[in-house]
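Chemist: predicted model, plus sequence, below.
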Amino acid sequence: MSTATSRDDWDLIACPVCGGGEFRHLFDKGGEPFVRCQRCTLTLINPRPPFAHIREHYDAAYSAGYTRKAEAKVIRARKRVARIGRDSGRWLDVGCSAGFVVKAATEAGFEAWGVDIEADGIAYGRDTLGLSRLACGVLEDQQYPAAHFDVISAYDVIEHVPDLNRFVAELERILAPGGVIDIGTPDIGHWRVPRQLAEWNELKPSEHLYYFNRKTLGRLLATHGLRIVRKRFALKPGLKVLVARA
Ligand SMILES: [Zn+2]
């Protein structure tokens with residue numbers, strides 16, 4: 001377990017949204033410093049533990065959190081797929097866990113793929129859901145062809161990735177002409193986020209590295225030639241946006 005006294009090997013980063021280097025310290029949680037960029041307001045953990053430490057969070061127990069609720073996850077996945085309003089083409093679910101969205105997209109008529117860093121989730125998808133197009137690893141290592149996917153989904157993923165700009169650039173690179181990206185992430189700008197931010201249940205040391213609002217997410221996407229084309233209403237503090245090329 002990391003503590004405040006062992007931060008020598010932690011990574012101090014520039015703001016991934018605006019490149020700024022001035023941060024206001026908000027509070028520590030789980031021994032990790034939550035700060036706010038003074039230029040663009042992005043809230044993030046900075047400095048943060050090295051990725052090897054962060055990656056330890058994504059283990060069999062993490063995936064089991066999904067698979068033990070399989071029935072509910074399948075229902076939610078079908079709703080997510082139906083919402084896109086398409087029924088053919090190539091779909092990639094990034095951070096697919098056990099592959100529920102991949103399964104739902106396949107049922108809906110897509111040629112569907114998934115990628116996730118956690119091996120047990122992928123094994124569940126292959127063995128229990130019978131999915132063959134699942135890859136274990138990070139998106140940026142998969143070498144998917146350029147302009148390949150008509151729909152890319154990333155639900156509760158973007159707040160976890162170590163190199164945010166490399167990740168979004170890769171999403172843009174593999175997006176087919178006319179394609180859409182469906183993104184969900186906690187929304188720090190939502191009216192139901194506690195006034196005492198430290199009490200928000202979405203604050204997860206080593207796991208949720210960034211906390212977007214519509215403005216900061218839009219700015220990050222714009223850097224990579226993408227834009228938010230639709231923002232869905234969310235009763236809980238989630239930012240649910242459909243993204244396309246600018
Ligand atoms: Zn910033």
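Modeler: Happy to help now that I have it. Numbering: from 1, shown residues only.
Chemist: so the residue most central in space within the chain is in which element?
Modeler: The residue lying closest to the centre of the chain (CA atoms, centre = their mean) is residue 157, at 1.4 Å. Using DSSP states H and E, residue 157 is not contained in any helix or strand.
Chemist: now the nearest residue to it once chain neighbours are set aside: how far from residue 22?
Modeler: Distance criterion CB to CB, 6 or more residues apart in numbering; nearest residue to residue 157, sequence neighbours excluded, is residue 95 at 3.4 Å. C-beta coordinates here come from the backbone N, C-alpha and C atoms, glycine included. Distance of residue 95 to residue 22, computed by CB to CB, to the nearest Å: 31 Å.
Chemist: which one of those two is surrounded by more residues?
Modeler: Remark: of residue 95 and residue 22, residue 95 carries more neighbours, 22 against 11, as counted by other CB atoms under 10 Å.
Chemist: the residue nearest to residue 226 when sequence neighbours are not counted: helix or strand, and which one exactly?
Modeler: Excluding its sequence neighbours, the residue lying closest to residue 226 (CB to CB, 6+ apart) is residue 243, at 5.2 Å. Take DSSP H and E as the rule and residue 243 turns out to sit in strand 238-245.
Chemist: which parts of that strand are buried?
Modeler: The neighbour-count check on strand 238-245 (16 or more other CB atoms under 10 Å) flags 238-243, 245 as buried.
Chemist: can you name the element that comes right after the longest helix along the chain?
Modeler: If you go by DSSP state H, the chain has its longest helix at helix 70-84. Next helix or strand after helix 70-84 toward the C-terminus (DSSP H and E): strand 90-94.
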